[in-house]
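[1] Next input, structure requested:
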Amino acid sequence: MSVHQKQPDESRTADEIRQQPGTWPAVARTVAAARTGIDRLLGDALVDPRTRIILTGAGTSAYIGEVVAPDLTRHLARPIEPIATTDIVADPHSVVVDDRPVLLVSFARSGDSPESIAAAELLRRLTPALHHIVITCNPSGALARRWADAKNAVVLTLPGQLNDRGFAMTSSFTGMTLAALLALGLDVDVEGAARAASAVLVTAASRAEAVAAIDPARLVYLGSGAFKGLAREAALKCLELTAGAVVAVADTPLGFRHGPKSVLGERTVAIVFPSGDPYTRRYDDDITRELVEALGPGRVLVIGADADGDAPAGAGEWPIPGITHLPGALRAIVAAIPAQSIALACSLARGLTPDNPFPGGEVNRVVRGVVIHEFPNPAEG
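    Down below sits the predicted model:
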């Protein structure tokens, strides 16, 4: 395994990981400035108890919906449906099955992915009433421009530094996640999360390098609730930044035993994100003990325990003090920083350039090659 000559702090990706806690108060101010318009739209959309709330995006942007859905379900006392744009576009009739109105929340770093525009247009055509909140990092993107003047929409454009210039979404992921929580009315301690994240960053590079030094061929990420979405995002970050050299998979602690556990091998490292809920945490600890027994010492890491010594015996710990009072989704955006740092360290350890891990263009920052096919009018079947 070769080591890349560039240091982590010379890449855009590293800068965008480090900037995250400093951007979160600016995200909160952006949402606060749009509060009147957001509340008006939410009032119109949610006055009907039948209204469905769908959170959508592709890739990392889809995982934002999975991270925030559990907390928003509890807060709004309504079912929240995270459905990827790729699923909506490929099979819209599996999404729209009745005449209920829809509140759609779209997440998009650039807003230029073809599915982002097509998914919203399909729901506009197929539902009797569509209210739309667009959360994006690019005011010039096609999605933002399409919905900027629509009377049934609010476009929430986050501060410019969140439009990540690196290949992989990092600060755009946590920024849009926070924006969704705030926009839909969750009162969260943004400053407390930023302080915890700033503390994490002090040792993030060295802790991540220690994981990369194990030279894992496979990484397993496990989490429940909001951390299920984070686990999927963490696995994607590793795949993206290592150009697939490190195979990464994600699941829930309970779901992992039902077949996916087959991925465990001699060069596997398993990472568990523990829940803040004491009941759910029992399942996290159970799988952690099982993984320690299967993989041995040094190959199981718990990220996000409240303090050293909270993890089951034999597991490594990356504690994150100061997050016990935060809801799951906000804990997840703080815990995203270790996951992003591990992906970056694994990329550098393999001699890759994290800002451009696919110099041949096999995978692109904004997806290419998607053809949006004409969808027949409902009357045509």
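[2] tally of neighbours for the residue nearest to A315 when sequence neighbours are not counted?
    Of all residues not flanking A315 in the chain, V300 sits nearest, at 4.6 Å (C-beta to C-beta, 6 or more residues apart in numbering). (Glycine included, C-beta is placed from N, CA and C.) The number of residues packed around V300, counting by other C-beta atoms under 10 Å, is 27.
[3] got it, and D44?
    16.
[4] One more: T324?
    For T324, using other C-beta under 10 Å, the count is 11.
[5] cool, and S110?
    S110 has 22 neighbouring residues, counting by other C-beta under 10 Å.
[6] what about it, helix or strand, and which?
    Here S110 is covered by no helix or strand, with elements defined by DSSP states H and E.
[7] my guess is it contacts G141, does it?
    Yes: between S110 and G141 there is a contact at 5.1 Å, judged by C-beta atoms under 8 Å.
[8] my read: the residue nearest to A315 touches G316, true?
    Yes: V300 lies in contact with G316 (C-beta under 8 Å); the separation is 6.5 Å.
[9] for the stretch 201-350 of the chain, what spans make up the strands?
    Listed in chain order, the strands of the stretch 201-350 of the chain (DSSP state E, counting those that start in this stretch) span 218-223, 247-251, 268-273, 300-303, 316-318.
[10] Is it possible to get those out as TSV so that each row also shows distance to W24 and mean pLDDT?
    Formatted as TSV, the strands of the stretch 201-350 of the chain follow (distance: least, C-beta to C-beta, whole Å; pLDDT from 0 to 100):
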stretch	distance to W24	mean pLDDT
strand 218-223	21	98
strand 247-251	24	97
strand 268-273	19	98
strand 300-303	19	97
strand 316-318	20	96
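[11] So F107, which state does it fall into?
    Classification of F107 using DSSP: H, G, I helix; E, B strand; the rest coil returns strand.
[12] ok, now how distant is it from A204?
    Counting by C-beta to C-beta, to the nearest Å, the gap from F107 to A204 is 25 Å.
[13] More neighbours: the two, which one.
    Per other C-beta under 10 Å, whichever of F107 and A204 has more neighbours is F107, with 32 against 23.
[14] what's across from that one in the sheet?
    Bridge pairing for F107 (DSSP bridges) gives the partners I135.
[15] Surely it and G59 touch.
    No: taking C-beta under 8 Å as the definition, F107 is not a contact partner of G59, at 10.0 Å.
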